[in-house]
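K.L.:
Pasted the sequence and its predicted model underneath.
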2 protein chains.
Amino acid sequence: MTQPFRIAIAGLGTVGTGVVEILTQNEDIITQRAGREIEIVAVSARNKDRDIDISKYRWVDNAAEIYKSEGVDAVVELIGGSEGIAADVVRNSLDNKCHVVTANKALLAHQGLALAEMAEHNGVCLMYEAAVAGGIPIIKAMREGLAANEFSSVYGILNGTCNYILTKMQKTGRDFADILQEAQDLGYAESDPTLDIEGIDAAHKLCLLASIAFGVKPDFDALKTTGITHINATDIKFADEFGYRIKLLGITRRIDDKVMQILEPCLVPTNSPLGMIDDVYNAVYVEGNFVETPLFTGKGAGKGPTASSVVADIIDLARGKNIPTFGIPVNKLVEGQWIDVGETTSRYYLRIMVTDKPGVIASVAAILRDNDISIEGMVQTGRDPGQSVPVVLTLHEARHADVQKAAQGIERLECCSEKPCIMRIEEL
Amino acid sequence: MTQPFRIAIAGLGTVGTGVVEILTQNEDIITQRAGREIEIVAVSARNKDRDIDISKYRWVDNAAEIYKSEGVDAVVELIGGSEGIAADVVRNSLDNKCHVVTANKALLAHQGLALAEMAEHNGVCLMYEAAVAGGIPIIKAMREGLAANEFSSVYGILNGTCNYILTKMQKTGRDFADILQEAQDLGYAESDPTLDIEGIDAAHKLCLLASIAFGVKPDFDALKTTGITHINATDIKFADEFGYRIKLLGITRRIDDKVMQILEPCLVPTNSPLGMIDDVYNAVYVEGNFVETPLFTGKGAGKGPTASSVVADIIDLARGKNIPTFGIPVNKLVEGQWIDVGETTSRYYLRIMVTDKPGVIASVAAILRDNDISIEGMVQTGRDPGQSVPVVLTLHEARHADVQKAAQGIERLECCSEKPCIMRIEEL
């Protein structure tokens, strides 16, 4: 049999531990599939205090130098973060002709282009299946399985933590902060949940998917992100009454030569496939000009699914695969011509908090009219004269910038007590 | 740039034509992704009368000799059939060190092992993404994307024609024969629909999935198949009333060291993901010990999706991939220890046609009792004294062989006018 394929693992948190477990527990079948043994030659982590036995692997104090371990074919970076030690690990490894396998979407979204160049220049591969949608092999599907297609759109649910929170809010009727606390207690949300709940994590992923789909340089800064922190129990309830679920969606679409990227909570029909994706599940649609629109669903987070994707990348490398980071050579990637989200149109959900008194709706309606927006429906349940009550409107297809301007106008009304909540209604 | 990757296409029916169209229409992006040009150097078909311009390709009269065309790297076999010319094309090509890409599940299910050996012996690849679930890259997902896992089960809807017919029966309340005729008129079913409606086509696919999942030699003969021809409008209606849809399912599962394979129509919950897969869509669940259970959904048939998968395989080969036919080397494949389906247990749907007169249900119930089967529920809607009427029973978890024996006993009752219809109830 061929020489073992030698890997070094930098980072032994949840995912890193999972990788060691898979390689140990499934060793026989993995060796058969890879056509050679996968050997862990070195590990590095903040400390040696782990749930798994790592005594048989060489310990490296400085992860950034782990690529120097003897005979390493690939370095597996599972430290995380777009800067600092993780970036050093990846850069040093590529620079020294080691393949890299990572789950680090932040790093790829921010520095992907430079790293892809480095990989290509050194004739090695930068693999990141685990960075997007956990256990779902969506990167492979797009770079390989659907590679015959011109893509027109990719969209779906890309963050398990947000989907868990929104699902729980839906099922319990409780408010965001309350459920977030519970998710943190259960370990489904980080102690600093910002990256997840502000939509940044999902945006990192969307930015990578857009790059593969449309051959554009990944450009995280071009992507405006809206998280889920402003969504309250009232929104969930009203959406439900209208026949919708609120989901944090990532949508990227090519329109002529331009690319649209949207990352924000949207209303999707309750009985649609995306409406039915609950808890920490992710789901991604890929639309191609021949394959039409396959849908990929699965656990988007967690030790097992994420480590499964990391090990799949390792097996690919052991089998001799070499594929460009974003599906085509770096010199073929173009600068994205991004569509101004303000210019896009959609139906909208608009929830306002206004004083319950005569004339309020007339003022709101006038502002909408002045911004060229027609009202499709309106609901105000419960009366509370003189107090602030929620009123929800659904709006016919309108320009995003017009809806934002109208929302600002409504916010300035004396009767309006807080910032209106606007969400797209996507009949996907 | 590297030399072009040269292919020869044998068979220019719907899928073959689609492959030429994709390679022409998406040429630029495919060249970028493959890292080299894909060049069609020769074609062969029954005649030259095609909707596409094939004048620029070398014409080969005898498809079995198409591998001889100068410089061919891969032969694309799209003729179909488990014997005859298609088999000759594939064998000759592999024997002469040409890679083969095919959509031919019948050939693979019947002769896959010998062909895999031939490919391995000659250092070439036998690719067949298009053979299973049309445009869904499920073969790639199992051989590569989920390769870190021990699989425990694979199951889903694998035949678009049957799913189309069952969906139309559901939506219109019309009977099987009627909808089949319509499907044939629309081109969704072949003029000889046997392979589809008897479940044989889906069984071919299941047999390949089982081989990849469990490392067993593909063994089509070990798989007993039940089609959908005996399902009538009454079954669809009763299933609906109980909260189920009838779907032709393929299920393969490892239980200890044995493998279960089932290909038959089953009841699945109306609101479950599989229950909601309509028309020509396919859906496949893959259960692995780390990734859990991702679901892959998409068009399971048709020119575009199928050709998309064929071209993806071609791109893979052009990129230099070489992967064992069934995911591991042929000498590692083992003889399947197949579970006797009679020994498996499930809840069941049982529809009988019996004379509407006193005492009939008592006789039926006695037979069930004598076979150790408990009744969960029973429905007889509409009375028609003295005439044959449908009665539907749902049965608690029971042994398949017992249910079959009971059904035979019921069929022998004088009051029973036709063969009872038995279907598993799968809460997947």
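P.N.:
Yep, that arrived.
K.L.:
So which residues of the stretch 201-350 of chain A form helices?
P.N.:
A:233-242, A:303-318 (DSSP state H, counting those that start in this stretch).
K.L.:
Please work out which of those is packed deepest.
P.N.:
Across the helices of the stretch 201-350 of chain A, the average number of neighbours (mean count of other C-beta atoms under 10 Å in any protein chain shown) peaks for helix A:303-318, which reaches a mean of 27. Quick note: C-beta positions are derived from backbone N, CA and C, even for glycine.
K.L.:
Just the CA atoms of that helix, as CSV, please.
P.N.:
Written as CSV, here are the backbone C-alpha positions of helix A:303-318 (Å, rounded to 0.1, in the frame of the first residue of the first chain):
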residue,chain,number,x,y,z
LYS,A,303,-19.1,18.0,16.5
GLY,A,304,-20.0,15.0,14.4
PRO,A,305,-21.3,16.7,11.2
THR,A,306,-18.5,19.3,11.1
ALA,A,307,-15.8,16.8,11.8
SER,A,308,-17.3,14.5,9.1
SER,A,309,-16.7,17.2,6.6
VAL,A,310,-13.2,17.9,7.8
VAL,A,311,-12.3,14.2,7.4
ALA,A,312,-13.9,14.0,4.0
ASP,A,313,-11.5,16.7,2.9
ILE,A,314,-8.6,14.8,4.3
ILE,A,315,-9.7,11.7,2.4
ASP,A,316,-10.0,13.7,-0.8
LEU,A,317,-6.4,14.9,-0.4
ALA,A,318,-5.1,11.4,0.5
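K.L.:
quick one: is it near chain B?
P.N.:
Yes - Helix A:303-318 lies within reach of chain B by C-beta under 8 Å from any C-beta of the partner chain, at A:304-305, A:307-312, A:314-316.
K.L.:
Going by contacts, tell me the helices and strands next to that helix.
P.N.:
strand A:5-10, helix A:14-25, helix A:27-34, strand A:38-44, strand A:74-77, strand A:99-102, strand A:126-127 (3 or more C-beta pairs under 8 Å, 6 or more residues apart in numbering or on different chains; DSSP states H and E).
K.L.:
Now do whichever helix or strand comes after the fourth one, average pLDDT.
P.N.:
Downstream of strand A:38-44, the next assigned helix or strand under DSSP states H and E is strand A:58-59. For strand A:58-59, mean pLDDT rounds to 96.
K.L.:
Switch the helices of the stretch 201-350 of chain A over to JSON lines; also include mean pLDDT.
P.N.:
Listed next are the helices of the stretch 201-350 of chain A as JSON lines, based on pLDDT from 0 to 100:
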{"stretch": "helix A:233-242", "mean pLDDT": "95"}
{"stretch": "helix A:303-318", "mean pLDDT": "97"}
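K.L.:
Count the residues that sit near the nearest residue to A:D73 once chain neighbours are set aside.
P.N.:
Nearest residue to A:D73, sequence neighbours excluded (C-beta to C-beta, 6 or more residues apart in numbering or on different chains): A:R6, at 4.9 Å. Counted with other C-beta atoms under 10 Å in any protein chain shown, the neighbours of A:R6 add up to 19.
K.L.:
Next: A:E376.
P.N.:
A:E376: 16 neighbours (other C-beta under 10 Å).
K.L.:
so it is in which element?
P.N.:
Counting by DSSP H and E, A:E376 is part of strand A:375-379.
K.L.:
which residues touch that strand?
P.N.:
Strand A:375-379 is contacted by residues A:238, A:241-242, A:347, A:361, A:365, A:368, A:391-396 when judged by C-beta atoms under 8 Å, 6 or more residues apart in numbering or on different chains.
K.L.:
filter those residues to the buried ones?
P.N.:
Among those, the ones that count as buried by 16 or more other C-beta atoms under 10 Å in any protein chain shown are A:238, A:242, A:347, A:361, A:368, A:391-395.
K.L.:
Inside strands: which ones of the residues you listed?
P.N.:
Counting by DSSP state E, the part of those found in strands is A:347, A:391-395.
K.L.:
follow-up on the earlier one: make TSV out of the residues of helix A:303-318 next to chain B and add distance to A:Q32.
P.N.:
Below are the residues of helix A:303-318 next to chain B laid out as TSV (distance: C-beta to C-beta, whole Å):
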residue	distance to A:Q32
A:G304	21
A:P305	22
A:A307	19
A:S308	17
A:S309	19
A:V310	19
A:V311	14
A:A312	15
A:I314	14
A:I315	10
A:D316	15
